[in-house]
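> Coordinates for the following, if possible.
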Amino acid sequence: MQFTKPPLDVDLQIERLAERGMFFSDREQAKHYLQHLNYYRLAGYWLPFESDHASHQFLPGTRFERVIDLYVFDRALRLLILDAIERVEVSVRTQWAYHLSLHYGAHAHLDSSLFADQRNYLKTLGNLTGEIGRSKETFIQHLIDTYDETTPPIWAIVEVISFGQLSKFYANLKHRQDRKRIADSYDLDEKVLQSFLHHINIVRNTCAHHSRLWNRSLTMQMILPDKRPAGLHRSFNRSAAAAKKIYNPLVMLAYMMDRICLAHHFKQKLIELMQHHEVDQQAMGFPPGWQHLPIWQHSN
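The predicted model follows:
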């Protein structure tokens, strides 16, 4: 079957939405938004307002401005999360390089015996070597030009490693004790940290590609802490409906920010963002009264 739908100019896009029941307070403003935000992109945000997806008819009272507010909320949420993930990534990079170098030397990442799945290890190392070769960092070029090893030392290459590569290197460490040393830095079980790194890398990629996050179902379920660290388990939403939503990763991000940063405003900004916009919090996996759970009550 061939795709036969014709393209619509912005005015016709507005007319199409109006025919389906969407109300516009200011059509010139709506025209401006649609000139800069792809119609198909915004469709993900007005989908919950459809009464019938087959005919794309909207529920009574659906306003274009409400859709834009939801889009603005989602964008602000993604930026807030990216800022927190950056701090987590830099910290875990540091712990990974620190503990492996102390126990196995400056080029621990080149010791294949430290990794369980050799095929996975060689693939990840190959990707890392490519990153190093493409790097324009002065310190990387200096180390490559000066020393004979295949790559610079681990404390240097960790500055150009991707989050995905870092997550795979950590998960593939053969000895539980090596994973445990790094996880102990955050008072987490090593399986919980491994799951969190994999999970939050998916969230990071979603944010980095400007994809919708607010009601997205993530591709996997994160392992949640139980007894360690003490008390954190009370702040998660353990219902089946929340298993693949964004709330539980936000709890872990809040906890990690508390561990990593001497001062931060991640939790405060998240609470303010949720209060400022009218969003379906249940669609994000937030439990009722979540603001009163322990993780959100304690400021750093």
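
> mind listing what the residue most central in space within the chain touches?
Nearest to the geometric centre of the chain sits residue 203, at 2.4 Å (C-alpha atoms, centre = their mean). Residue 203 makes contacts with 81, 85, 213, 218, 246, 249, as judged by C-beta atoms under 8 Å, 6 or more residues apart in numbering. Just so you know, the C-beta spots here come from the backbone N, C-alpha and C atoms, and that holds for glycine as well.

> Find the pair from these with maximum spatial separation.
Using C-beta to C-beta, these span at most 14.1 Å, a distance reached by 85 and 218.

> ok so, going back, from the contacts of residue 203, pick the one nearest residue 31.
Residue 31 lies nearest to residue 213 out of the contacts of residue 203, by C-beta to C-beta, at 26.4 Å.

> OK, contacts around the closest one?
Listed by C-beta under 8 Å, 6+ apart, the contact partners of residue 213 are 74, 77, 78, 81, 203, 206, 207, 246.

> thinking again about what came up before, is the residue nearest to the centre of the chain in a helix, a strand, or coil?
Using DSSP: H, G, I helix; E, B strand; the rest coil, the structure places residue 203 in helix.

> mind giving me CSV with the contacts of residue 213 and columns for secondary structure, pLDDT and distance to residue 162?
Below are the contacts of residue 213 laid out as CSV (DSSP: H, G, I helix; E, B strand; the rest coil; pLDDT from 0 to 100; distance: C-beta to C-beta, whole Å):
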residue, secondary structure, pLDDT, distance to residue 162
74, helix, 96, 24
77, helix, 96, 23
78, helix, 96, 19
81, helix, 97, 17
203, helix, 94, 15
206, helix, 91, 15
207, helix, 92, 15
246, coil, 95, 22
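
> Name the nearest of these relative to residue 255.
Set against residue 255, the nearest of those by C-beta to C-beta is residue 81 (14.1 Å).

> I'd say that closest one and residue 205 touch.
No. Taking contacts as C-beta atoms under 8 Å, residue 81 lies outside contact range of residue 205: 11.6 Å.

> for this structure, which spans come out with low pLDDT?
137, 139-140, 142-145, 147-149, 299-300 (pLDDT under 70).

> residue boundaries of the strands in it?
50-52, 57-58 (DSSP state E).

> Comparing the ones you listed, which comes out most buried?
Highest mean neighbour count of those: strand 57-58, a mean of 19 (counted as mean count of other C-beta atoms under 10 Å).
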